[in-house]
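Visitor: return a 3D structure for these sequence lines:
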Amino acid sequence: MFKVKTQEMYNMLTRALVPLFMGCFLWLISLNSWAGEYNLAAGDTIKISVYGEEDLTFDEYLIDGSETIDYPYLGNISLHGKTIQKLQNYITSGLKGTYLVDPKVTVSIVKYRNIYVNGVVNRPGGYEYQPGLTVQKAIALAGGFLARYRKTRGIYLTKDSEIEGLSQQQIEAFLKDRPQVDLNDPVGPGDIIYVVSSFW
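Guide: I've put the predicted structure just below:
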């Protein structure tokens, strides 16, 4: 009797835990795939590792507004439009043959550039991006909606590059022509969320 119950409990746990582990595994695969295709930009902090080469390894490199890095032997590398994978391939091919026989290069994100939440929220400003962030979670980071605008608000999302150099008046005109976003919509690094009142 005891063995039967033990076997039943084992089977129940297996049925419950296997889907959970599979879900986590698939999520990690999709996250790694997304990270590999992520476009680097100013504000991101990256790590460049070359196995066995301390002078070619940088634990934290903050990408500044020039979107270039000065890398040993390769000089200035433009990061504009480069994904993590492309940068990794570029450094590998640059070092291979001339400087190293078979370089093992890994590029990873240490910290993503901030997202920004502006408008009728309690704490407008910049917040560190986290994978899986949604509009609702971003607004929660900013303290939620101001109480008096809770029912009279529109939510818009832009990329930082779309409004660069625009005046406040131009930004308002730009937003009026855009569709509103849903609270469950995903937010990416560098995105700007505007929460506006209906009479803004």
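Visitor: so what's E162 closest to, chain neighbours aside?
Guide: F174 (7.4 Å; C-beta to C-beta, 6 or more residues apart in numbering). All C-beta spots, glycine's among them, are computed from the backbone N, C-alpha and C.
Visitor: which residues touch that neighbour?
Guide: F174 makes contacts with T158, E162, I163, L166, as judged by C-beta atoms under 8 Å, 6 or more residues apart in numbering.
Visitor: need the three-state assignment for the last one.
Guide: Three-state call for L166 (DSSP: H, G, I helix; E, B strand; the rest coil): coil.
Visitor: go on, the one 3 residues further on?
Guide: For Q169, the reduced secondary structure class is helix; criterion used: three-state DSSP.
Visitor: would you agree L175 falls within a helix?
Guide: Yes - applying three-state DSSP, one finds L175 inside a helix.
Visitor: burial count for L146?
Guide: Neighbourhood size, L146 [other C-beta atoms under 10 Å]: 15.
Visitor: ramachandran angles for it?
Guide: When read as degrees, to the nearest 10, the backbone of L146 gives phi -60, psi 140.
Visitor: any idea how far S161 is from the closest residue to V121 other than its chain neighbours?
Guide: Leaving out its chain neighbours, the residue that sits closest to V121 by C-beta to C-beta, 6+ apart is A142, at 4.1 Å. Taking C-beta to C-beta, to the nearest Å as the measure, A142 falls 22 Å from S161.
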